[in-house]
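**Student:** give me a model of this one.
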Amino acid sequence: MRTAIMAAVLCALVVSPVPAQRIQNARGGFFGIGMQNVDVDEMNATLAAHGYPNHDENFLSVGGGFTWWWRHFLLGADLQALLQPSETSGNFETELSGGYALANIGAVARVGDHFVIYPMASVGGGGAEFRIEPRTPITFDQLLTDPGRNTHITNASMLLGPRLGAHYLVRLGRRGNRNGLMVGIRAGYLFSVLDSEWDELEGSSVEGGPALNLGGWHVLLTIGAWRTRSSMER
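**Tutor:** Residues are numbered from 1 along each chain as shown. Presented below is the predicted three-dimensional model:
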């Protein structure tokens, strides 16, 4: 019984919500994983017309970023990779992926003493990548005869949009400690503007390609660490 009580006390000391002092100036980094919706309708229509399989409009979003907040203001940035399984059709395999980087500015609204909500405006850039690769093995002589067997093209676009985030702050260590963990969620919608044409990896332009941009809704679950330079103030 004594052992159980001591274990409970130890857990309460090591991990506990941020005490009833509000953080006035803090920064934190986080890892995020979630889902990003991408408009692939035109891309899929073009692929289907040439006998290639469709790609899903929902991508796994994996990445991270940092957040700095001072009183009621917030600045930050995040970088996300967009991934999904490759598709196969006959002797070929196709792969569609992407990613983006965003700068964020927003306002911080506190609910209680350890829960913050922050609407943000985000702007940045992103790009998509499309590959076609043969699945059948080839000889070196065949490679020399037909060196253009692999296709690798990319495009780019500017992204902007409204987003909403929330963090629950957990203090680590003794009362008054100035660092801890934060868990939260982010969601929003990104608009894609100034989309570029497709280009080959070597730099050659590909004309007449289908439109594909990374605009769409997204949701991320986040976990990270925070730290404050100043004392916790009421």
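
**Student:** what mean pLDDT does the longest strand seen in the chain have?
**Tutor:** The residue-count maximum for a strand in the chain (DSSP state E) belongs to strand 151-172. The predicted model assigns strand 151-172 a mean pLDDT of 90.

**Student:** show me where the protein has strands.
**Tutor:** 15-17, 25-37, 58-70, 73-83, 87-89, 92-107, 109-110, 115-134, 151-172, 179-193, 198-200, 205-206, 216-228.

**Student:** pull the residues that contact the third one.
**Tutor:** With C-beta atoms under 8 Å, 6 or more residues apart in numbering as the test, strand 58-70 has contacts from 23-38, 74-84, 97-99, 104, 108, 116, 118, 167, 218, 220, 224. C-beta: built from backbone N, CA, C; applies to glycine.

**Student:** tell me the buried residues in that strand?
**Tutor:** By 16 or more other C-beta atoms under 10 Å, the buried positions in strand 58-70 come out as 58-65, 67, 69.

**Student:** with the second one instead?
**Tutor:** For strand 25-37, a neighbour-count test (16+ other C-beta under 10 Å) marks 26-28, 30, 32, 34-37 as buried.

**Student:** what helices and strands are in contact with that strand?
**Tutor:** Under the contact criterion of 3 or more C-beta pairs under 8 Å, 6 or more residues apart in numbering; DSSP states H and E, strand 25-37 touches strand 58-70, strand 73-83, strand 179-193, strand 216-228.

**Student:** quick revisit: now the strands of the chain as JSON lines including distance to Met43?
**Tutor:** What follows is the strands of the chain, written out as JSON lines (distance: least, C-beta to C-beta, whole Å):
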{"stretch": "strand 15-17", "distance to Met43": "46"}
{"stretch": "strand 25-37", "distance to Met43": "14"}
{"stretch": "strand 58-70", "distance to Met43": "13"}
{"stretch": "strand 73-83", "distance to Met43": "14"}
{"stretch": "strand 87-89", "distance to Met43": "12"}
{"stretch": "strand 92-107", "distance to Met43": "7"}
{"stretch": "strand 109-110", "distance to Met43": "39"}
{"stretch": "strand 115-134", "distance to Met43": "8"}
{"stretch": "strand 151-172", "distance to Met43": "10"}
{"stretch": "strand 179-193", "distance to Met43": "13"}
{"stretch": "strand 198-200", "distance to Met43": "10"}
{"stretch": "strand 205-206", "distance to Met43": "13"}
{"stretch": "strand 216-228", "distance to Met43": "13"}
